[in-house]
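Q: turn this into a model:
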Amino acid sequence: MRKTTTFRRLLDRTGPTLIPGVYDALSAAIAQETGFDAVAITGAGLSVTHGYPDLGLMTLTEVVERARAVVRGTSLPVLVDADTGYGGVLNIERTVREFEAVGVAALHLEDQVTQKRCGLLEGIQVVSVEQMTARVRAAVAARSDPDFCVVARTDVRACGQLADVITRAHAYRAAGADAIFLFDLHSRAELEVAAREIPGPKITHVSRGGRVAPIPPAELADMGYQAICYPLTPLQAAAHALRTALVHLRDDASLEPLYDRMVKPVELYELVGLTRAQEFARDYEREEA
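A: Got it, this is the predicted structure:
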């Protein structure tokens, strides 16, 4: 089954599908090893691991190259954060085709202005409904695989009301969006109302720094959300572990106390295909001999 079809079916089931944010091939491989059904390439994670804050500074080429690595690191379907599409509707056409070409299963486009920012930051501005529906229509028209999912994300709650979220979600669905990603609603009650009023598959997020305290996935599924994304959780945890290890090395410089928090080198290599590579090499080395 194609990964695009797998992802679409995940959105069709009652859920909940938990989607962790990943930022490279290794984090994608670990997500697969630990039992998830899909992964999301986090825009914030890519920005941070390139040395930039999440302020819309990444280019399409940079994100595509990282997406290629993530797809190589996992057999799971990959949802990628495509920001605002990296330009106008012609850019969005290219964006969809580039991501399809490297094996991404779905993308989400947001309705922020082009100089976008992380949805958890202050100062968010959004484009008109008409501009965003044009983005959605362009993305839908550009795909060559009908199962490639175009997810429309709305950040309007940061600068508007819940009614605006619902109005936009209906417009984006009418424009062809396969699912709606509701970002940073202000309360549990708003999540419940939005789920009830918006048709079709819906995605929400759980984030440290979000306005709503974490809600268990089963409860979000009961509200009507098919997928729950944890965009920054893995990277935040990895950054904490890295800082802890480096502070220990600076102050002590002995490895033994860290052993129970470290994986062995061979485990790292196995995550990215050591056995397969060695078997492949052995087959052809025998032929050479």
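Q: in the helix or strand hosting Y269, what counts as buried?
A: According to DSSP states H and E, Y269 maps onto helix 265-271. Neighbour counts over helix 265-271 (16 or more other C-beta atoms under 10 Å) mark L271 as buried. Every residue, glycine included, has its C-beta placed from N, CA and C.
Q: other SSEs contacting it?
A: Contacts defined by 3 or more C-beta pairs under 8 Å, 6 or more residues apart in numbering; DSSP states H and E place helix 265-271 against helix 25-33.
Q: starting at the chain centroid, how far to the helix it packs on?
A: On the basis of C-alpha atoms, centre = their mean, to the nearest Å, helix 25-33 sits 13 Å off its chain's mean C-alpha point.
Q: what of stretch 134-154?
A: 16 Å.
Q: quick one: buried residues of that stretch?
A: 134-140, 142-143, 147-154.
Q: filter these down to the ones in strands?
A: Counting by DSSP state E, the buried residues of stretch 134-154 place 149-154 in strands.
Q: and which of those is nearest T244?
A: Taking C-beta to C-beta as the measure, R153 is the one of those closest to T244, at 33.0 Å.
Q: what is the closest one paired to in the beta sheet?
A: Beta bridges link R153 to E110, F181 when assigned by DSSP bridges.
Q: I figured it hits A177, correct?
A: No: look at R153 against A177 with C-beta atoms under 8 Å: they stay out of range, at 9.3 Å.
Q: pLDDT and distance to Q32 added to the ones in strands among the buried residues of stretch 134-154, as a markdown table?
A: Output for these, formatted as a markdown table (pLDDT from 0 to 100; distance: C-beta to C-beta, whole Å):
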| residue | pLDDT | distance to Q32 |
| --- | --- | --- |
| C149 | 98 | 19 |
| V150 | 98 | 24 |
| V151 | 98 | 21 |
| A152 | 98 | 27 |
| R153 | 97 | 24 |
| T154 | 96 | 29 |
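Q: let's have the residues you listed in a markdown table, adding distance to A82.
A: Output for those, formatted as a markdown table (distance: C-beta to C-beta, whole Å):
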| residue | distance to A82 |
| --- | --- |
| C149 | 12 |
| V150 | 9 |
| V151 | 9 |
| A152 | 11 |
| R153 | 9 |
| T154 | 14 |
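Q: mind exporting stretch 225-236 as CSV, just the C-alpha atoms?
A: The C-alpha trace of stretch 225-236 is given here as CSV (Å, rounded to 0.1, in the frame of the first residue of the first chain):
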residue,chain,number,x,y,z
TYR,A,225,-10.2,14.6,16.4
GLN,A,226,-8.7,11.9,14.2
ALA,A,227,-5.0,12.8,14.8
ILE,A,228,-3.1,14.5,17.5
CYS,A,229,0.3,15.9,16.6
TYR,A,230,3.1,16.4,19.2
PRO,A,231,5.3,18.7,17.0
LEU,A,232,8.0,19.7,19.4
THR,A,233,7.9,17.2,22.2
PRO,A,234,10.7,14.9,20.9
LEU,A,235,13.0,17.7,20.1
GLN,A,236,12.4,19.4,23.5
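Q: so V150 sits against R137, correct?
A: No: using C-beta under 8 Å, V150 is not in contact with R137; the gap is 9.4 Å.
Q: next, the buried residues of the longest helix along the chain.
A: Counting by DSSP state H, the longest helix found in the chain is helix 233-251. Neighbour counts using 16+ other C-beta under 10 Å place 233-236, 238 of helix 233-251 among the buried residues.
Q: repeat for stretch 187-199
A: Those would be 190-195, 198, for stretch 187-199 by 16+ other C-beta under 10 Å.
Q: ok, back up a step: and the two most separated of the ones in strands among the buried residues of stretch 134-154?
A: So for those, where distance means C-beta to C-beta, the most widely separated pair is C149 and T154, at 16.2 Å.
Q: can you show me the helices along the stretch 1-150 of the chain?
A: 3-12, 25-33, 43-49, 60-73, 89-101, 129-142 (DSSP state H, counting those that start in this stretch).
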